[in-house]
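Participant: What would the 3D arrangement of this be:
(chains A, B and C)
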Amino acid sequence: MRNKLIQSENLCWLLDEHRPEVTVTPIIIKSSDKEKILLKDVNGRRRDGRNLEDIRPIFLKTGLISQANGSAYIELRQTKIACGVYGPRQTKVASFSGKGNLNCEIKFAPFSCLKRRQSYRDAQEKELSHLVFEALAPSIRLDLLPKSTIDVFISVLENDGTASCLAAAITCASVAVADAGIEMSDQVAACSASYIDGDIYMDSDLLEEQRETGSIVLSYMPSLNEVTHILQSGEVEISQTTQAIEQCTDACSKIYSVMNHSLLESVKDKMQ
Amino acid sequence: MAMRTDRRSSTTIRPISIDQSLLSRDGSARFNFGNSSVLCSINGPAEVKLRDEKLDKATIDVIVRPLVGTTGTKDRTHEYILRSTFENVIQAGLHPRTQIQIVSQVMMDDGSIVAAAINATTIALIDAGIPMKDLVAAVSCVINKDDQLLLDPTALEMENAKSIHTFAFDRTSSTLLFCESLGLFTEGQYFDCYELCNAAACHIFEEIRGAIQNKLREEY
Amino acid sequence: MGKVTNENNVKPNPTITFEAETFRRIQPEEYLRKFVQQHVRPDGRSYNHFRKTTVNLSCITTADGSSMVRIGNTTIVCGIKAEVSEPKLNFPKEGYLVPNIDLSPICSPRFKPGPPSEQAQIISENLNKLLKNPKVIDLETLCIEEGKAAWVLFADIVCVNYDGNIFDACVMALISALADVKLPKAVYEDGLVKATEEKIFALSFIRIPYSISFAMFDGKHLLADPNEMEESIIKSAITIAIDEAGQLCNIWKVGTSCTSEQLRFCISKARERYVDITSIIEKAKQAT
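Facilitator: Got it, this is the predicted structure:
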């Protein structure tokens, strides 16, 4: 009976006496028109000085969450993501499974986006969680972990472009799984790109993403030279998609070296 | 000294009334501070869900039901207060792998609800015959805008108070089990409240003792 | 477990030895007691030693004010988002300040996905009490148009790493994030609120409270700033909140009994710690 009650009360805590029922964001009187900001100058440089095919500098560190079996934190300028891996631990469901279970959950902090997000899980979070799962699952040797579950929890502290956020989350989760000492066939590096006015903008940020006609997120295992996941959306010519995939795999190889470096650092720390 | 609206002096508690064995449960009690009333029932020691089972002691489960509406964060906090206070008092080790459930229902709210709930739980636990190391009694007091201490405040007095204090003491050593103090106050004021409530708690223990003696006399 | 009790009670057998880690896992309370008897804690601190604390302000650009606090391994991020709503009927001149903490499963294996745990609800409730009674922010300064529109400040706190003493970290993060808030100038016109892009307004504080927590072990040892391992064993906690004038704002004590001398001791230690916290936050303000 208690359980039933709790379920019906699931959302009751939201309707607290302290908080107003409806809130809106105010209308911002714009002093500068965002539409007029040029995404690239005459020399082909973007607003932050990058070339079209450059990705943002990556800060990646493992082991920040002391309570987790493995963890990683990634920062791509404004994008900030933390990931904690728990497991392999016993699966709660009683039935036997010969393969391990991978559970990925991505959560946006309420303050991470331009508009405040509700604290309960929304449809977009469910979708992104599934995409992370699909990108990550082929790399983990789940066949070695019967009856167990690996929980991958990702917390987005600041979101500067959802596609690049997803890519960063996949990269970060892969490093966290490796940090947890779980056997993998290879690390998964992921990279995103936007199609804007016939150009391919690698690792686009929020403003670029708002003006894109299409986007691609590619997850890639560099050592095995295998792609685990591609997500392509929007209207693009085939030739351009092929070019984007090529650029993304190149970028993923660069990200891969950063991932390896941070894992090596963490091993060095553990040795000391 | 200014008289309170209900003509009490600042250091008197409202008339206490105690009823026991009201419900067909293992134990139940109602405790009233004037118009504030809390009904408490105890179920157990009974079967416990596998998930909550503790191998070396009884699981203590507390449910607080508010006067109106569904349970919110405030009631969750009350649940936590009751559980953490009574976990150390109930001899849970005597009933391993069972559950003792405390259900506390607010009947009338006119201030000092947490204190009334703690007192009602103590009496209900005695009524249920649950072994305890000690008895617990709780009292609230407020400091009003004129820096005057008012014992056992009504809802109106709590609303206009500068600070609100609730203390729960055990009987044998008269030491502090639970305390929640809100608002602005000095260290001196805090310990004045502490002493005042400690003395009032002794009075409540007498009342509890009297109520239980009366009930036993009626039964035999 | 049987072996351990045998060793202690029935016949002393010095040949049975355990790794410290095994001992910690099967007899956590006894493990802690062995340390406390030597006047030291398992992580090498003395009783009154607080863990290294760092504060990082304005770390989230999407928030109107933000702060990241680390106490030892405990990591908390607080971001404040400002939105607009109609004021309450009984307080037409006041805005809202809504603190909320999310103890998501990322920060510790003890939390499960789903609606907020009991602990999260209690922390949110206590944070709310600390902000409202006594008042920390003058809510009337959040009013845009009386009875029509007011600012709602959502103070969302995310725990990234849970290693004990979460409440103190939350209060530090919350207060420093509030101090970091910059609001745009807003006007109310025909049912709409328009705000400038430029953010200029800072909040006006009535007082600046910080909380300081202690755990009480075996009824006599007061351990300042308990970590996760200590908190999971010790169920007695004392939290004291004081403001810059040294006045007490909040005292919260649960668990086994304590004497008034112990309370007095905690209050005096809290006053010492308050000075340290202020200097840490001042340093963070200068860094930004």
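
Participant: so does stretch C:143-155 get close to chain B?
Facilitator: No. On the criterion Cβ under 8 Å from any Cβ of the partner chain, stretch C:143-155 is out of touch with chain B, staying 14.8 Å away. In this view, the C-beta of every residue, glycine as well, is placed from N, C-alpha and C.

Participant: Please identify which helix or strand holds the closest residue to chain A within chain B.
Facilitator: Chain A sits closest to B:Thr70 of chain B, with a gap of 5.0 Å, by Cβ to the nearest Cβ. According to DSSP states H and E, B:Thr70 maps onto no helix or strand at all.

Participant: now swap in the one 4 residues further on and tell me
Facilitator: For B:Lys74, the host element (DSSP H and E) is helix B:73-87.

Participant: Test my guess that C:Asp43 contacts C:Glu228.
Facilitator: No. C:Asp43 is beyond contact range of C:Glu228, at 10.5 Å (criterion: Cβ atoms under 8 Å).

Participant: Compare these two (neighbour count), which wins?
Facilitator: A direct count of neighbours by other Cβ atoms under 10 Å in any protein chain shown for C:Asp43 and C:Glu228 places C:Glu228 higher, at 19 against 14.

Participant: Touching, that one and A:Gln67? I think so.
Facilitator: Yes. At 6.8 Å, C:Glu228 counts as touching A:Gln67 under the criterion of Cβ under 8 Å.

Participant: mind checking the SS state of B:Ile204?
Facilitator: helix (DSSP: H, G, I helix; E, B strand; the rest coil).

Participant: Residue 102: neighbouring residues, count only.
Facilitator: Went with chain A since none was named. Look at A:Leu102: counted by other Cβ under 10 Å, it has 21 neighbours.

Participant: um, chain C though
Facilitator: Neighbours of C:Asp102 (other Cβ under 10 Å): 20.

Participant: now swap in B:Pro15 and tell me
Facilitator: Neighbourhood size, B:Pro15 [other Cβ under 10 Å]: 11.

Participant: now it, nearest residue through space, not along the chain?
Facilitator: Nearest in space to B:Pro15, with sequence neighbours left out and distances taken as Cβ to Cβ, 6 or more residues apart in numbering or on different chains, is B:Gly34 at 6.1 Å.

Participant: thought C:Ala224 was touching C:His49?
Facilitator: Yes. Applying Cβ under 8 Å, one finds C:Ala224 in contact with C:His49, separated by 6.7 Å.

Participant: can you pull the contacts of residue 56?
Facilitator: I'll assume chain A. Shown in contact with A:Arg56 (Cβ atoms under 8 Å, 6 or more residues apart in numbering or on different chains): A:48, A:50, A:76-77, A:79, A:164, A:203, A:205.

Participant: wrong one, I was asking about chain C
Facilitator: C:67-69, C:284, C:287 are the contacts of C:Asn56 under Cβ under 8 Å, 6+ apart.

Participant: can you rerun that using 7 Å?
Facilitator: Contacts for C:Asn56 (Cβ atoms under 7 Å, 6 or more residues apart in numbering or on different chains) come out as C:67-68, C:284.

Participant: ranking those residues by neighbours, who comes first?
Facilitator: Counting neighbours by other Cβ under 10 Å, the top entry in those is C:Ser67, with 28 neighbours.

Participant: And that one, how close does it get to C:Met172?
Facilitator: C:Ser67 sits 8 Å away from C:Met172, going by Cβ to Cβ, to the nearest Å.

Participant: How about B:Ser173?
Facilitator: 35 Å.

Participant: starting at the chain centroid, how far to stretch C:250-264?
Facilitator: In terms of Cα atoms, centre = their mean, to the nearest Å, the gap separating the centre of stretch C:250-264 from the centre of its chain is 18 Å.

Participant: For the closest residue to chain C within chain A, give me its contacts.
Facilitator: At 2.8 Å from chain C, A:Phe111 is the closest residue in chain A, using Cβ to the nearest Cβ. By Cβ under 7 Å, 6+ apart, A:Phe111 lies in contact with C:60, C:62-63, C:66, C:79-81, C:156.

Participant: Look up the closest residue to it, ignoring the ones flanking it.
Facilitator: C:Gly79 is the one closest to A:Phe111 (Cβ to Cβ, 6+ apart), at 2.8 Å.

Participant: Give me the three-state assignment for that neighbour.
Facilitator: Applying three-state DSSP: C:Gly79 is strand.

Participant: Surely it and C:Ile157 touch.
Facilitator: No. Using Cβ atoms under 7 Å, C:Gly79 makes no contact with C:Ile157, being 8.1 Å away.

Participant: Now do the SS call for C:Asn48.
Facilitator: coil.

Participant: beta partners of the closest residue to it other than its chain neighbours?
Facilitator: Spatially, and ignoring its direct neighbours in sequence, C:Asn48 is nearest to C:Ala224 (5.1 Å; Cβ to Cβ, 6+ apart). C:Ala224 forms beta bridges with C:Phe214, as assigned by DSSP bridges.

Participant: Any idea how many residues pack against C:Ala224?
Facilitator: For C:Ala224, the neighbour count with other Cβ under 10 Å is 23.

Participant: so how far is C:Phe214 from it?
Facilitator: As judged by Cβ to Cβ, C:Ala224 and C:Phe214 stand 5 Å apart.

Participant: Could you do A:Ala251 as well?
Facilitator: A:Ala251 is 51 Å from C:Phe214, by Cβ to Cβ.

Participant: more neighbours, those two?
Facilitator: Using other Cβ under 10 Å as the criterion, A:Ala251 and C:Phe214 rank with C:Phe214 on top: 28 against 23.

Participant: The more buried one reaches C:Cys266, doesn't it?
Facilitator: Yes. The pair C:Phe214 and C:Cys266 qualifies as a contact (Cβ under 7 Å) at a distance of 5.3 Å.

Participant: Mutual contacts of these two, please.
Facilitator: Each of C:222, C:238 lies in contact with both C:Phe214 and C:Cys266 under the rule Cβ under 7 Å, 6+ apart.

Participant: Next one: C:Lys148 from C:Arg271, what distance?
Facilitator: Where C:Arg271 is concerned, C:Lys148 sits at a distance of 43 Å (Cβ to Cβ).

Participant: again but with B:Asp134, I slipped
Facilitator: If you measure B:Asp134 against C:Arg271 using Cβ to Cβ, the figure is 32 Å.

Participant: same question, B:Ile164
Facilitator: B:Ile164 is 22 Å from C:Arg271, by Cβ to Cβ.

Participant: now do A:Asn260
Facilitator: For A:Asn260, the distance to C:Arg271 - Cβ to Cβ - is 50 Å.

Participant: ok, now C:Lys129?
Facilitator: If you go by Cβ to Cβ, the gap between C:Lys129 and C:Arg271 works out to 21 Å.

Participant: residue contacts, the residue most central in space within chain C?
Facilitator: In chain C, the residue lying closest to the centroid (Cα atoms, centre = their mean) is C:Phe167, at 2.3 Å. C:Phe167 makes contacts with C:123, C:126, C:211, C:213, C:239, as judged by Cβ under 7 Å, 6+ apart.

Participant: Quick one: classify it as helix, strand or coil.
Facilitator: helix.

Participant: returning to that earlier point: any idea which of the contacts of A:Arg56 has the most stuff around it?
Facilitator: A:Ser164 leads the contacts of A:Arg56 on contacts (other Cβ under 10 Å) with 30 neighbours.

Participant: Tell me the residue of the stretch 51-200 of chain A that sits nearest chain B?
Facilitator: Using Cβ to the nearest Cβ, A:Lys92 is the residue of the stretch 51-200 of chain A that sits closest to chain B, at 10.3 Å.
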